[in-house]
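Asks: Here is my input; please provide its structure:
(one chain, ligands or ions: 1)
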Amino acid sequence: MVELNTTDHYYTGESPSLLWEMTISQSLGDGSGAFAQALEQPAAYGRRLGEFLLHETDLPVSGGEIIEVGGGYGTLMAGLLQVLSPRRITMIDISSLLLERQREALAPVAAGSEISFIREDVFTWLARERPAADLMILNENLGDFPTLTGIDKQALTACQAPASAPGEIPPPGELSPAQLAAEAARVIDLLELLAASGVSHIFLCEHGSDTMLPWPFSLFPAIQPPGNHINPRRINLKDHAEYNIRFDHLEQAASRLGFTVRRAHLMEMLRLRFDDEIDYLLRKGKPENEAQEILLELYEHISEYQIMLLTRA
Ligand SMILES: C[S@@+](CC[C@H](N)C(=O)[O-])C[C@H]1O[C@@H](n2cnc3c(N)ncnc32)[C@H](O)[C@@H]1O
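Replies: The predicted structure is shown next:
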């Protein structure tokens with residue numbers, strides 16, 4: 001049966017918490033904790049993202065405008081401000097309690113920027129405002145947006161029928177709009193809204209259903225991503241559930257909307273450590289002390305994440 005999975009009730013409820021999700025930006029914190037020891041150069045997630053963006057794009061180091069959607073506790077933006085000094089920051093979130101946390105986290109570090117906090121659903125806001133900015137960040141929230149689930153294969157076949165003449169096989173890799181929309185309804189809507197906006201660079205990060213580990217991490221069965229590499233997986237969390245994203249479809253849709261796409265594993269952006277200690281730990285798959293237990297937990301958890309950087313062509 002086709003159903004719509006939503007998480008709004010959780011985030012607009014009385015005590016939304018990121019503790020249960022172990023988001024990667026939250027796990028790495030300010031870059032000084034035990035999880036950050038997994039990075040070649042321990043750093044906050046936002047700092048590493050800023051360095052990556054400066055390397056990959058023409059984003060200005062100072063000045064410019066940045067929008068962050070669903071910024072959680074504000075940890076990512078606080079790290080990003082270690083390397084970028086935007087003139088203007090907009091934090092948009094559906095949760096007033098999390099916006100309050102963002103306000104507290106950013107007050108001491110965003111003094112040089114004009115900053116606004118907007119409590120609204122990102123879909124409504126984007127459709128109305130069609131904002132312009134140098135950068136928009138959506139970190140670990142695509143999976144929270146309304147998702148069609150339990151899609152019936154027969155209905156999907158019926159949707160496809162008009163796309164090709166009877167007996168004609170659609171070209172390989174070319175999914176019909178109905179297929180794309182059905183499997184990734186929320187992200188297609190979002191990409192269309194972003195394509196109609198004036199944002200130059202968009203950074204996306206989320207659990208992927210079709211994630212392949214980069215070499216040499218791909219050699220270790222202990223950290224292979226869960227799932228079947230095709231169909232989105234349901235991830236059960238406290239009082240809500242989300243679905244991971246099929247990045248192949250996201251990439252196809254973004255390219256068709258005219259974006260230049262840079263796609264990678266999150267491990268590559270963060271530059272995860274691979275040395276004798278990690279080699280031994282991943283081979284054995286069993287930690288011998290608390291520090292190793294924390295490291296292995298991070299490697300296991302991060303294995304499913306992909307990133308995508310969209311640039312207006
Ligand atoms: C899983 S948390 C990720 C938080 C943070 N980006 C991180 O990586 O730690 C999801 C965030 O998206 C926000 N969110 C969920 N649905 C939203 C929507 N429709 N519009 C705006 N924000 C939303 C939540 O309130 C929360 O801040």
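
Asks: From now on I want contacts and neighbour counts done on CA atoms only, so please keep to that.
Replies: OK.

Asks: Tell me where the stretch 101-250 of the chain has helices.
Replies: 122-129, 153-160, 177-183, 185-195, 247-256 (DSSP state H, counting those that start in this stretch).

Asks: Lowest average confidence across the ones you listed, which one?
Replies: Among the helices of the stretch 101-250 of the chain, helix 177-183 carries the lowest mean pLDDT, a mean of 50.

Asks: Could you find the closest non-adjacent residue to residue 240?
Replies: Closest residue to residue 240 apart from its sequence neighbours, by Cα to Cα, 6 or more residues apart in numbering: residue 7 at 5.9 Å.

Asks: Apart from its chain neighbours, what residue comes closest to residue 285?
Replies: Closest to residue 285 by Cα to Cα, 6+ apart is residue 222, at 5.5 Å.

Asks: how many neighbours does residue 112 have?
Replies: 12 (other Cα atoms under 10 Å).

Asks: hang on, isn't it packed against residue 84?
Replies: No. Taking contacts as Cα atoms under 8 Å, residue 112 lies outside contact range of residue 84: 10.7 Å.

Asks: what stretches of the stretch 51-200 of the chain score poorly on pLDDT?
Replies: Low-confidence segments of the stretch 51-200 of the chain, defined by pLDDT under 70: 150-185.

Asks: which bits of this protein sit near the ligand?
Replies: 8, 11, 23, 25-26, 69-72, 93-95, 98, 121-122, 139-141, 144-145 (Cα under 6 Å from any ligand atom).

Asks: which among those residues end up buried?
Replies: By neighbour count, with 16 or more other Cα atoms under 10 Å, the residues of the chain next to the ligand hold 11, 23, 25-26, 69-72, 93-95, 98, 121-122, 139-141, 144-145 as buried.

Asks: In strands only, show me those residues.
Replies: Among these, DSSP state E puts 69, 93, 139 in strands.

Asks: I'd like these written out as CSV, with distance to residue 290 added.
Replies: Formatted as CSV, those follow (distance: Cα to Cα, whole Å):
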residue, distance to residue 290
69, 34
93, 35
139, 28
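
Asks: need the longest strand for the protein.
Replies: Assigned via DSSP E, the chain shows its longest strand as strand 198-207.

Asks: That one: which residues count as buried?
Replies: Within strand 198-207, the residues that count as buried by 16+ other Cα under 10 Å are 199, 200, 201, 202, 203, 204, 205, 206, 207.

Asks: roughly how far out does that strand sit from the chain middle?
Replies: 8 Å (Cα atoms, centre = their mean, to the nearest Å).

Asks: Run me through the strand neighbours of it, direction for each.
Replies: In the sheet, strand 198-207 lines up against strand 132-139 (parallel), strand 305-312 (antiparallel) (DSSP bridges).

Asks: how about these in CSV, adding distance to residue 237?
Replies: Shown next, in CSV, are these (distance: least, Cα to Cα, whole Å):
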stretch, distance to residue 237
strand 132-139, 17
strand 305-312, 17
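
Asks: how close does residue 90 get to residue 115?
Replies: Plainly put, residue 90 is 6 Å away from residue 115 if you go by Cα to Cα, to the nearest Å.

Asks: for stretch 302-313, what is the average pLDDT?
Replies: 95.

Asks: CA atoms only for it, dumped as CSV, please.
Replies: The C-alpha trace of stretch 302-313 is given here as CSV (Å, rounded to 0.1, in the frame of the first residue of the first chain):
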residue,chain,number,x,y,z
ILE,A,302,29.6,6.6,7.9
SER,A,303,29.8,3.8,5.4
GLU,A,304,26.4,4.6,4.0
TYR,A,305,26.7,8.3,3.4
GLN,A,306,27.1,10.1,0.1
ILE,A,307,27.5,13.8,-0.7
MET,A,308,26.5,15.7,-3.8
LEU,A,309,27.6,19.2,-4.8
LEU,A,310,25.3,20.8,-7.3
THR,A,311,26.5,23.9,-9.3
ARG,A,312,24.4,26.0,-11.5
ALA,A,313,25.8,25.2,-15.0
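
Asks: And the contacts of it?
Replies: The contact list for stretch 302-313 (Cα atoms under 8 Å, 6 or more residues apart in numbering) reads 24, 199-209, 211-213, 223-226, 247, 254, 258-267.

Asks: okay, which residue is most central for this protein?
Replies: Centroid-nearest residue in the chain, with Cα atoms, centre = their mean: residue 205, separated by 2.0 Å.
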